[in-house]
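any chance you can model this:
(2 chains)
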Amino acid sequence: MKRTHILGYIQLNPQLQLPLTLSNTSPEITLSARNLSRRFGSLQVIHDVTLELRRGEVLGLLGHNGAGKSTTLQMLTGCLLPDSGEIEICGIDLRQHPTLAKAHLGYLPETPPLYRELCVDDYLTFAARLRGVKLADAPAALTQTLQRCGLDSVKKKIISTLSKGYQQRVGIAQAIIHNPAVIVLDEPTVGLDPTQIRDIRTLIRELGNAHSVILSTHLLTEVESVCDRVEIMQHGRLIYGDSSVRMQHYGQISGFIISLRHPPALNELEAIHGVTRVEQLSTEQFRVFHTPDDNSGSLLLSMAAQHGWQLEQLTPLHATLEDVFVKITGDETAKTGAPK
Amino acid sequence: MIRLIALRELRSLYAMPSTWFVLAVLQFIFAWFFLARLEAFLEIQPQLAQLANPPGVTLTVAAPLFYTAALLLMMLVPMFTMRLIAEERRNQTLALLLSAPLSGRHIVLGKFFGLLGFLLMLIVSLPLMLYTLALGTSLDHGLLLANCIGLLLLTASYVALGMYISALTTQPIIAAIGALAVLVGLWLADIGASAADSPWHLLSPLHHFQSFNAGLLDSADVAFFVLFTTFFLLLTMKRLHNNRVYG
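You can find the predicted model right below:
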């Protein structure tokens, strides 16, 4: 019985499969925010934020605590009005037609908005109906979402009796149950154990294939593992935006780690053309830095062969996202001086 | 959408054991008072029979019972309205409603009718109890109907006021105390004002209920309740909107 429901739902819901074929050509813009500003009293918390999100994309909003991530997401979901700027969801202006625009939106706030006295089934059905899922379609949507979020085993339980991880999953489930075009997740993995974090990330990645997902986080590994694109936020401004792969190359350190069975003296290595600095890690291991334009790897290889240093290992140095993030935010602070 | 939110409100109310406890205690108080009034009526019935135009059982038993219910509801409604918005705000569930494709009107009216529906179930027990008297005597249906309408309008005005105060704060308990203070304040101002034409009488919902209590369906009183309720519902919608503006 349940199986036919699920199948029926997928067949009836062309949205689920269509975007996959569309995304190859030119995915449409599902969310666009232009020049958002917001102040609380005399404190300007968001300065001129402009964002765009396409279907099939996962955007990570990265920033320190208090950078303005949550405020931005609240404005994108209509929970908070911006002082100026425009937001469009699937081409519908959020300020002019809030009800129409919000129908395409799923939102998980920082604290999952759960009615703790209800059971999971009832709560999710309510959330679906609230977002305009028809009464007849609600059971199918519920079955599918329970399965997607791994909530099948707890569907009859009262929410307040669930563990934090399960409550977070219920929070995500309420955001996706109506199959929205745009899913906004505010720190979705906070407070979860490593296995749960992995599961949720897989789920987000999966959601990102057919929907647009925007998530805020201060965990860099999260960006690395799930996001296609990153926007870094600091003091209410977007200071850097690029694909997450390219972000890792930002200000990359050029160099490698080498292991030599018969290492020469340190100054011999330093004398190689292009090498700027050598650090000795152990008797056989060295960290060699070179200028970005001048890769001295090949030269080092040939010299190792010539002098019989017996090279065992040569690994290029990778900048971690942590390094990059600190560098970007540090650069920006240096550029603009103290936060305004 | 209004119905959906109202049903959710009811479901949450019934999921709490305290709701059932309050219902039971209140039912007990109503029954106790009803029986006490009935006993008193039976005692003085021979003396009443000697009067030229004696008051009937409806006026001696039903009217005081409704008035007691009105007084009790004044104390009780704030206990229910306190949760309506303050608790949503405290548990941060308000974001669910604010980000859903609904307007403030849907949220406010949904909550209003949800709680009113619940209180209606409580109120309905009164005429049911009184109609057991119909087994032994004839009742004044007009008086009962006026009282029922009056009590319903009165409850609606209490709920609207309580919900507005609940929308002002994040702490349910402060919302309860606030609503109770305003309602009791209006009542005390009403009974404290000695002059018959004092404006304090006009402000008090309980004062306007008195004509219903006497079996009088006065359009001015109906208009008062409708205006009072609408005024606070609109204020609540405005307050919810301000939530988006001021954060």
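
can you pull the contacts of B:L151?
With contact taken as CB atoms under 8 Å, 6 or more residues apart in numbering or on different chains, B:L151 is in contact with B:F66, B:A69, B:A70, B:L73, B:I123, B:L126, B:F209, B:F212. In this view, the C-beta of every residue, glycine as well, is placed from N, C-alpha and C.

if we check chain A, which of these are in contact?
With CB under 8 Å from any CB of the partner chain as the criterion, those include none near chain A.

any chance of the residues you listed in TSV, plus neighbour count, secondary structure and pLDDT?
Formatted as TSV, the contacts of B:L151 follow (neighbours: other CB atoms under 10 Å in any protein chain shown; DSSP: H, G, I helix; E, B strand; the rest coil; pLDDT from 0 to 100):
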residue	neighbour count	secondary structure	pLDDT
B:F66	25	helix	93
B:A69	23	helix	93
B:A70	23	helix	93
B:L73	22	helix	92
B:I123	21	helix	89
B:L126	21	helix	90
B:F209	25	helix	92
B:F212	28	helix	92
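
do you know how far B:L13 is from chain A?
9 Å (CB to the nearest CB, to the nearest Å).

pretty sure B:A160 is touching B:M237, no?
No: using CB atoms under 8 Å, B:A160 is not in contact with B:M237; the gap is 11.1 Å.

between those two, which is the more surrounded one?
B:A160 (24 against 19; other CB atoms under 10 Å in any protein chain shown).

what's the neighbour count on the nearest residue in space to the more buried one that is not next to it in sequence?
The shortest distance from B:A160 to any non-neighbouring residue, by CB to CB, 6 or more residues apart in numbering or on different chains, is to B:F232 (3.8 Å). For B:F232, the neighbour count with other CB under 10 Å is 23.

what does the domain assignment say about chain A?
Taking automatic domain parsing as the reference, chain A has its domains at A:2-247, A:255-316.

compare those and give me the one nearest B:I44.
domain A:2-247 (48.1 Å; CB to CB).

any idea how far that closest one is from the chain center?
Put simply, domain A:2-247 sits 11 Å off its chain's centre (CA atoms, centre = their mean, to the nearest Å).

residues contacting B:L168?
Contacts of B:L168 (CB under 8 Å, 6+ apart): B:A175, B:G178, B:R239.

and the first one, what is it in contact with?
Yep, that's B:A175 we're talking about. B:A175 touches B:P78, B:T81, B:M82, B:I85, B:A86, B:G162, B:I165, B:S166, B:L168, B:T169, counting by CB under 8 Å, 6+ apart.

picking that back up, and of the contacts of B:L151, the nearest to A:M75?
Distances from A:M75 to those, taken by CB to CB, are shortest for B:L73, at 41.0 Å.

ok, the closest one touching B:L154?
Yes: using CB under 8 Å, B:L73 is in contact with B:L154, at 7.1 Å.

what secondary structure does A:L142 sit in?
helix (DSSP: H, G, I helix; E, B strand; the rest coil).

so what's the residue most central in space within chain B closest to, chain neighbours aside?
Residue closest to the average C-alpha location in chain B (CA atoms, centre = their mean): B:T155, at 2.0 Å. Nearest-residue entry for B:T155: B:L119, 5.1 Å, with adjacent residues in sequence omitted and distances by CB to CB, 6+ apart.

which positions in stretch A:205-213 come out as buried?
Residues of stretch A:205-213 classed as buried: A:L207, A:G208, A:A210, A:H211, A:S212, A:V213 (neighbour count, 16 or more other CB atoms under 10 Å in any protein chain shown).

between its first and last residues, what's the separation in stretch A:263-278?
Chord length of stretch A:263-278, first to last residue, is 13 Å (CA to CA, to the nearest Å).

for it, which positions count as buried?
Neighbour-count burial for stretch A:263-278 flags A:P263, A:L269, A:G274, A:V275, A:V278 (criterion: 16+ other CB under 10 Å).

give me the subset of those residues lying in strands.
A:V275, A:V278 (DSSP state E).

the buried residues of stretch A:263-278: which two are farthest apart?
Greatest spacing in the buried residues of stretch A:263-278, by CB to CB: A:P263 and A:G274 (18.8 Å).

poorly predicted segments of chain A, please.
For chain A, the stretches with pLDDT under 70 are A:1-26, A:244-245, A:248-253, A:292-293, A:318-322, A:336-340.

ranges for the strands of it?
Counting by DSSP E, chain A has strands at residues A:29-40, A:43-54, A:58-63, A:84-89, A:92-93, A:105-108, A:182-186, A:212-217, A:229-234, A:237-243, A:255-260, A:275-280, A:285-290, A:311-316.

what about residue 196, how many neighbours?
Looking at chain A here, since you left the chain open. Other residues near A:Q196 come to 18 when the count uses other CB under 10 Å.

meant chain B actually
Counted with other CB under 10 Å, B:A196 comes out at 6.

that one in helix, strand or coil?
Under three-state DSSP, B:A196 falls in the coil class.

give me the distance between it and A:T333.
Distance, B:A196 to A:T333, by CB to CB, to the nearest Å: 73 Å.
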